[in-house]
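# any chance you can model this:
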Amino acid sequence: MTAIAVSGLLWAMPGMADDHQKSGNPELAQVLSQDFRAKDSARDSFRHPEETLSFFQVEPGMIVVDFMPSSGWYTRVLVPYLGKDGTYIGLNPEVAPDATGYAATMRDTAQRMPEQAAGWVGDQGAKVLGANVGSIPEEWNGTVDRLLIFREIHNMFRGDSLRPTLAAARKFLKDDGLVGVVQHRAKPDASADYTDGSKGYMREEDVIALFQANGFDLVDSSEINANPKDMANYPGGVWTLPPGFSGVSDADRAAIAAIGESDRMTLLFRKRP
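Numbers count the residues shown, from 1 in each chain. You can find the predicted model right below:
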């Protein structure tokens, strides 16, 4: 991909909307302005945490499960926002005992999650718990208000953890519990090979179908996290875009940076009776 080609495509694409409306949530806005988010806040213009969490109807005092919290970007928002009356649960997929590398960091989540959260935000905010999908305590069943899945559906699909996670969610969610999903969005005509999870992008209709097949109905969708500049056809997948710039030459870097982060679907599901 040449810089000229990328630049030409950028001129041909409509600009990403810059008029996302804030939610008018002062408690959440205060959390987002905290000093411990100094580095995280650089991505707020792409991730829209205030608008996204408001769309998912997340409120202080709730019990919220965050699937694959990874480096804790949303943990550092949710724990203080949920407050002393809330509970934050980091949930990871099952990990093989001999797993190495990144997978190994998701082992023993029940022990690791409280320690990680304390290191990130101190002792402020919600009670912090953790679990792996295969060892969720039975006493959590029917108690959870929200399950949030941020940009992990491709990993779940590729790693065969989607079905067991949603089966568990049907147990631990309250009857009126909701699932909020943000996911890198492929073009509607993207090939099956490109949307098998290996490129990070999934078709919106496929994600909706997967949830419906596993007992969840779509409640609403939003374009909060849309980016029409994203061509979503890079050979290296979504990691071509910021902040990864994977495989991007120095000549193309400025043009890729101008695209911004990926185009993302934002979906809200409810457990089907």
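
# which residues of the stretch 151-273 of the chain fall in strands?
173-184, 216-222, 264-271 (DSSP state E, counting those that start in this stretch).

# same list, those strands, but as TSV with distance to residue 26 please.
Just so you know, the C-beta spots here come from the backbone N, C-alpha and C atoms, and that holds for glycine as well. Formatted as TSV, those follow (distance: least, CB to CB, whole Å):
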stretch	distance to residue 26
strand 173-184	21
strand 216-222	21
strand 264-271	22
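
# including mean neighbour count, distance to residue 80 and mean pLDDT, could these go into a markdown table?
Output for these, formatted as a markdown table (neighbours: other CB atoms under 10 Å; distance: least, CB to CB, whole Å; pLDDT from 0 to 100):
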| stretch | mean neighbour count | distance to residue 80 | mean pLDDT |
| --- | --- | --- | --- |
| strand 173-184 | 21 | 18 | 98 |
| strand 216-222 | 16 | 24 | 99 |
| strand 264-271 | 22 | 22 | 99 |
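
# of all the ones you listed, which lies closest to residue 27?
For these, proximity to residue 27 was assessed by CB to CB; strand 173-184 is nearest, at 18.0 Å.

# return the residues in contact with residue 141.
Contacts here follow CB atoms under 8 Å, 6 or more residues apart in numbering; on that basis residue 141 touches 171, 172.

# tell me the backbone dihedrals of it, please.
phi -60, psi 130 (degrees, to the nearest 10).

# quick one: it and residue 31, what's the gap?
29 Å (CB to CB, to the nearest Å).

# residue 112: how many residues sit nearby?
If you count neighbours by other CB atoms under 10 Å, residue 112 ends up with 15.

# swap in the one 4 residues further on?
Residue 116 is surrounded by 19 other residues when neighbours are defined as other CB under 10 Å.
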